Every structure is written in structure tokens, then in C-alpha cells.
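K.L.:
Sequence first, predicted model second:
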Amino acid sequence: MSLRYYIFLKDVLLLALTAFGGPQAHIAMMFKLLVEKRRYLTDQELIELNALCQILPGPTSTQTITAIGFRIGGPNLAYLTLLVWITPAATIMALAGFVISYLQENNISLHFLRIILPMAVGFVAYAAWKISVKVVNTKVAIGLMVVSAVLSYFFRSPWVYPLLLVAGGAVTALRFKQHPRELDKRLHIQWANFLLYVGVFVLAAALGGATSSLPVRLFENFYRNGSMVFGGGQVLVPLMYTEFVQFKGYLTGEEFLSGYAIAQALPGPTFSFTSFVGNLAMREYGVAGQFLGSFVATVGIFLPGTFLIFFVIRFWDQLKKYRVVRASLEGISAVSSGMVVAAAIMLYHPIDNTLLNFGIVVATFGLLMFTRIPAPVLILTGLLLGFVL
């Protein structure tokens, strides 16, 4: 492995340990580290990859950083990128499954996280500004961004996200004649990863229905959710609450919300919360069972999106040569930026609307925009203030 690949994986690990605030904030940090500092790719390439990943089901920021790894070093580096990115947060959430009962039994409050939550909103707001400045350059794009923000705010079904992205792409695709023709547009599609995706889906469903094994059924549950969720971890959480708390009773509402609060204070992919849910779902099987629950939940939720991004990324550069596809990227990117604006507003709602919390959001946004203070320093400061105050 070349030195460049080691440096890239070290950068991925740094993001895994410091990228707070969900997929929108992750993209802002990717801009800072992977585009502006390291120049692994251009800002437009990152925007296009992120928009592509938002069209696909699964964890958006995980698919985006895996796709970047693929572009830099092929499938081997992409697999290593995926492992480095998801392991820290998934491990911490698995361990959190062990301690959450102790915290509840001893009435230990999670109130120390109260500063981190509005800070995360500030990170998302900064991501919304950062992306919008780069992609919203025409009146059509501005209109699409506004419409996308409004619709994704008021209609929160997971199917709204891909529909908006496709609609936005269709609007600007009509202007394809403004783009120059490109020769050599032959499309070579390798179907192996798509067939793997479908095959595992069918096999998991069949085994899940035929067996009483809880680990097998958990894998099927999470693989299905990972195959059908668009829009990132914020969309996944209410679906998991309905299925695993209200319907199946694997954990209590208080346990679920406590785990979610911990997940919000962690860097890395929001989908790592599934490691916590799988852990508690298997607590009757002892420590080994809990670790197994975390493992099958994590693999189940991340595998569908991994198969799909590995399928699409192989012919993405060829696909972009078509004028209609290139033209559609403007609309897709504008809609994507509108979704980030809506996400910033939606994520603020669960937080108490106090002057202090609003001030923390504004202060975080200002510090990210006007200073060079590293994100981990801001987060650690927020954690310390939560303990002290």
C-alpha cells in the first residue's frame, strides 16, 4: 500500500473521531479536510458524489467517504475506508449498551450532553451554508433549493428525499443542450455488486421468516431498514423506534432515547446507533450475545448501501459524460442543499427553544465560519461546559 493511501486512511480515522453532527456536518468536514487541505478531489466532485449517495438508500456520509476511497485507490482502499470510518462509533455504541442499564439503575443523568446537541445543529447549519454557496449559482437552483427545503421540512416520509432529488435533476436536465457534447460515452455496467445486494436481501428475508434465531432475524431487520431508508440517520431513528421499541419491545423508550442522546454526542456515522439497539436486543444472551447483536446490527445496516455504492461508482464517471446526466447534477445538488437547510431546522426542534440553546447554535456557526478552531476542540469544549455547568 502506498504512502498516499496510509495518509488517506489516517485522514478517514481523524474524521471518524471528530466528525460530529450527522451526515450534513460530515460533508462540511470532508470539504475542509479532503478537498481544501488534501485535495484528494475537487469541491464539485465531492458535491456530485454526495448527491449521488443521497439518491441511493443507506448511510449517505458512509457511502460518500467509501466512494472517495474507491476513486483514490480502488475497491481494496474503499473497503478499508469503510472499516476505519464505522469501527470507532460502532464500538463505542456497543459499549454504551453495556453501561446504559447501570446509568438507569443508579439514576445518573445524561444532562451533560445538553451543550453538544445545539452545537450539532450549528454544525449542520454551517454545512447548509457551505454547500449552498458552492452549488446554488442560478435562479433555477435557488428556486429548487427553497422548494426542496420547504417540502422536505413539511413532508418527512423517507420516500420524499429520493423523489425530490429525482425531480430536481429532471428540472435542470431539460437544459442539457447548454452542455457540450462528449465523445466515448459507452457505458460498461458491472452487475456483481447489485446482484449481491439483491441476493442477500432475498436470503435474509427467507432465513428471517424461516428461523427463530434472534441474530438472524436482527440481521434481516437491519438489512431491510438499510435497504429502504433515504435521507440518513435522522430518518432511520424514528423507524427503529417504531419497530424495535413499540412493536417488538427489544428495549424501552427510555433506553432508546438515552442511547440516541449518546449517539448524538459521538463522531462518525449516525447509523452506528444500530450497534446500541442490536446490543440491547440480545442482552438476554449474555455478554457474547450482546456483542453478537451489535455486530449483526452494524453489518446489516451498512451492507446494503455498501453494495449499492460499489455498484454505481464503477460507471459513475462514464454516466456523467451524458449531457442529460451532467445537466441534472445542478438540480440534484440544489435540492440536496435545500435538504440540509431543512435538516438544520428539524434537528433544532427536539432541543429546548431557549435563548441559551439558540445562542450556542449561532456561536458554533460563527466559530466554524470565521475561525480556524478545529471541530474536535469545539466539541470537547462543549462537553466540558456540559459537565461544569
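P.N.:
Thanks, I have the structure now.

K.L.:
Can you name every helix or strand that the host helix or strand of I345 contacts?
P.N.:
For I345, the element it lies in under DSSP states H and E is helix 323-348. Applying 3 or more C-beta pairs under 8 Å, 6 or more residues apart in numbering; DSSP states H and E, we find helix 323-348 packed against helix 22-30, helix 43-55, helix 116-135, helix 139-154, helix 160-173, helix 233-240. All C-beta atoms are positioned from the backbone trio N, CA, C, and that covers glycine.

K.L.:
Measure how it sits relative to helix 139-154, angle-wise.
P.N.:
When axes from the mean of the first three to the mean of the last three C-alpha atoms, to 10 degrees is applied, the directions of helix 323-348 and helix 139-154 differ by 40 degrees.

K.L.:
Present the helices and strands packed on helix 323-348 as a markdown table; the columns should include distance to S212 and mean neighbour count.
P.N.:
Shown next, in a markdown table, are these (distance: least, C-beta to C-beta, whole Å; neighbours: other C-beta atoms under 10 Å):
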| stretch | distance to S212 | mean neighbour count |
| --- | --- | --- |
| helix 22-30 | 36 | 27 |
| helix 43-55 | 36 | 22 |
| helix 116-135 | 39 | 24 |
| helix 139-154 | 40 | 18 |
| helix 160-173 | 35 | 21 |
| helix 233-240 | 22 | 19 |
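
K.L.:
Mind putting these into a markdown table with mean pLDDT?
P.N.:
A markdown table is the format used below for the helices and strands packed on helix 323-348 (pLDDT from 0 to 100):
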| stretch | mean pLDDT |
| --- | --- |
| helix 22-30 | 79 |
| helix 43-55 | 83 |
| helix 116-135 | 78 |
| helix 139-154 | 90 |
| helix 160-173 | 85 |
| helix 233-240 | 66 |
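
K.L.:
now the ones you listed in a markdown table, with distance to T64?
P.N.:
A markdown table is the format used below for these (distance: least, C-beta to C-beta, whole Å):
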| stretch | distance to T64 |
| --- | --- |
| helix 22-30 | 7 |
| helix 43-55 | 5 |
| helix 116-135 | 12 |
| helix 139-154 | 19 |
| helix 160-173 | 14 |
| helix 233-240 | 14 |
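
K.L.:
Minimum distance to F8: which of those helices has it?
P.N.:
Taking C-beta to C-beta, helix 22-30 is the member of the helices and strands packed on helix 323-348 nearest to F8, at 12.1 Å.

K.L.:
now that closest one, how far from the chain's geometric center?
P.N.:
Relative to its parent chain, helix 22-30 has a centroid offset of 8 Å by C-alpha atoms, centre = their mean, to the nearest Å.

K.L.:
remind me, longest helix of this protein?
P.N.:
Longest helix of the chain, by residue count under DSSP state H: helix 60-105.

K.L.:
Between the helices and strands packed on helix 323-348, which one is closest to F222.
P.N.:
Comparing these against F222 with C-beta to C-beta, the closest turns out to be helix 233-240 (8.8 Å).

K.L.:
which is the next helix or strand following the lowest-mean-pLDDT helix or strand in the chain?
P.N.:
Using mean pLDDT, DSSP states H and E, the weakest-scoring helix or strand in the chain turns out to be helix 233-240, at a mean of 66. Following helix 233-240 in sequence order, the next helix or strand is helix 253-264 (DSSP H and E).

K.L.:
could you dump that following helix to CSV, C-alpha only?
P.N.:
Extracted as CSV, the C-alpha positions of helix 253-264 are listed here (Å, rounded to 0.1, in the frame of the first residue of the first chain):
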residue,chain,number,x,y,z
GLY,A,253,-38.4,4.0,25.2
GLU,A,254,-36.2,5.5,27.9
GLU,A,255,-33.3,3.2,26.9
PHE,A,256,-33.7,4.1,23.2
LEU,A,257,-33.7,7.8,23.9
SER,A,258,-30.8,7.6,26.2
GLY,A,259,-28.8,5.7,23.6
TYR,A,260,-29.8,8.2,21.0
ALA,A,261,-28.5,11.1,23.2
ILE,A,262,-25.1,9.3,23.5
ALA,A,263,-25.1,8.7,19.7
GLN,A,264,-25.6,12.4,19.1
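
K.L.:
okay, the angle between it and helix 60-105?
P.N.:
For helix 253-264 against helix 60-105, the angle by the same axes, to 10 degrees is 130 degrees.

K.L.:
what stretches of the stretch 151-300 of the chain score poorly on pLDDT?
P.N.:
156-159, 176-177, 179-185, 230-235, 238-239, 261, 264-265 (pLDDT under 70).

K.L.:
80 instead, please
P.N.:
Confidence mapping of the stretch 151-300 of the chain against pLDDT under 80 gives the ranges 156-162, 175-187, 228-239, 242, 253-266.

K.L.:
just to revisit the earlier point, average pLDDT for the longest helix of the chain, rounded please.
P.N.:
Mean pLDDT, helix 60-105: 89.

K.L.:
which strands and helices sit next to it?
P.N.:
For helix 60-105, the packing partners by 3+ C-beta pairs under 8 Å, 6+ apart are helix 3-18, helix 22-30, helix 43-55, helix 253-264, helix 273-281, helix 286-313.
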